[in-house]
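> only geometry, no sequence info:
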Ligand code: ADP
Ligand code: MG
């Protein structure tokens, strides 16, 4: 399937209706999300902002099909994720979503290209040769084709995160979810990673980024603020100011 889906123009890529998520901590209930409604169209670059504990990661885990809501409904590309089995959900995640986290989660004993190829090897019917070829292409997209044989320890923090982005894109997902992707980087490396994401967005990728840093959110076209498990307000940038 191509990265650019043939969703009808009226069909949002993401549609969340009254999502709640309550965690049980011993006997205490923690209401991390208290009713979130959200639509994201294909091709948007959205940042979710809010202070620590406001529910950003919880929302991201739900939208990333890593977790199920306590109540509410979630549709990804028109499919109701909240109605899928665990297995269906994990297949959907593998095919349609790419993830980038604050920690890069690269495997130290594998070269860059093998790290990037890894998600493909979990898919039935993908041969190692073709997985490597696709991984090389993904490395090219992040400008690191020259580092394919390097191991994570031989790369800078910024390069490691770009390898992690290549790994997230190797399945050609239409949507990239990034939770504090520059949180472990100095400002120069962080800016490099953000410039990379901006390029990928311009080439058609939809990006949903979670951050508490206004300088990082400034890269997005639409910023959504959260507080105490709810969306409080949002702001769209004029296209011309990009
Ligand atoms: P953010 O990413 O904005 O910092 P989180 O979504 O991680 O916020 O957390 C929202 C709230 O839910 C916080 O009060 C946090 O302590 C709580 N929380 C998050 N994960 C869990 C968990 N697994 N168990 C219990 N409480 C949690
Ligand atoms: Mg978080």
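Cool, the structure landed. No experiment lies behind these values; they were computed from the predicted model shown. Ligands and ions are numbered 1, 2, ... in the order given.
> Dig out what the closest residue to residue 205 other than its chain neighbours forms beta bridges with.
Distances taken as C-beta to C-beta, 6 or more residues apart in numbering place residue 176 nearest to residue 205, at 5.6 Å, with adjacent residues excluded. Where you see a C-beta, it was placed from the backbone N, CA and C, and this is true even at glycine. Residues in a beta bridge with residue 176, per DSSP bridges, are residue 98, residue 207.
> OK, contacts around residue 176?
Going by C-beta atoms under 8 Å, 6 or more residues apart in numbering, residue 176 touches 97-100, 165, 168-169, 197, 200, 205-208.
> hmm, who's touching the one helix or strand in the chain whose mean pLDDT sits lowest?
When the helices and strands of the chain are scored by mean pLDDT, DSSP states H and E, helix 86-96 comes last with a mean of 91. Residues outside helix 86-96 that contact it (C-beta under 8 Å, 6+ apart): 1, 64-66, 68, 76-77, 79, 81, 84, 119, 122-123, 171, 173-175.
> please redo it, this time with the cut-off set to 6 Å
Residues from elsewhere that reach helix 86-96 (C-beta atoms under 6 Å, 6 or more residues apart in numbering): 65, 173.
> List the buried residues in it.
Residues 89, 92, 93, 94, 96 are the ones in helix 86-96 that count as buried (16 or more other C-beta atoms under 10 Å).
> okay, the contacts of residue 176 in TSV with neighbour count next?
As requested, the contacts of residue 176 are exported to TSV (neighbours: other C-beta atoms under 10 Å):
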residue	neighbour count
97	20
98	28
99	22
100	24
165	26
168	24
169	23
197	24
200	20
205	23
206	23
207	24
208	26
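> Kindly report the residues of this protein close to ligand 2.
Within the chain, the positions near ligand 2 by C-beta under 5 Å from the ion are 56, 57.
> How far away from the center of its chain is the least confident helix or strand of the chain?
14 Å (C-alpha atoms, centre = their mean, to the nearest Å).
> give the contact list for the residue in the chain that ligand 2 sits nearest to.
Residue nearest to ligand 2 within the chain: residue 57 (3.2 Å; C-beta to the ion). By C-beta under 6 Å, 6+ apart, the contact set of residue 57 is residue 179.
> So which bits of this structure are right by ligand 1?
23, 25, 30, 32, 50, 52, 53, 54, 55, 56, 57, 58 (C-beta under 6 Å from any ligand atom).
> ok, and for the longest helix seen in the chain, which residues are buried?
If you go by DSSP state H, the chain has its longest helix at helix 187-202. Across helix 187-202, burial judged by 16+ other C-beta under 10 Å covers 189, 190, 191, 192, 193, 194, 196, 197, 198, 200, 201.
> quick one: average pLDDT of it?
Mean pLDDT, helix 187-202: 94.
> Please apply the same query to stretch 40-50.
In the prediction, stretch 40-50 has an average pLDDT of 97.
> ok, and what's touching that stretch?
For stretch 40-50, contacts defined as C-beta under 6 Å, 6+ apart pick out 7, 12-14, 56, 201, 206-211, 217, 220-227.
> From these, list the buried ones, please.
Judged by 16+ other C-beta under 10 Å, buried ones among the contacts of stretch 40-50: 12-14, 56, 201, 206-211, 217, 220-226.
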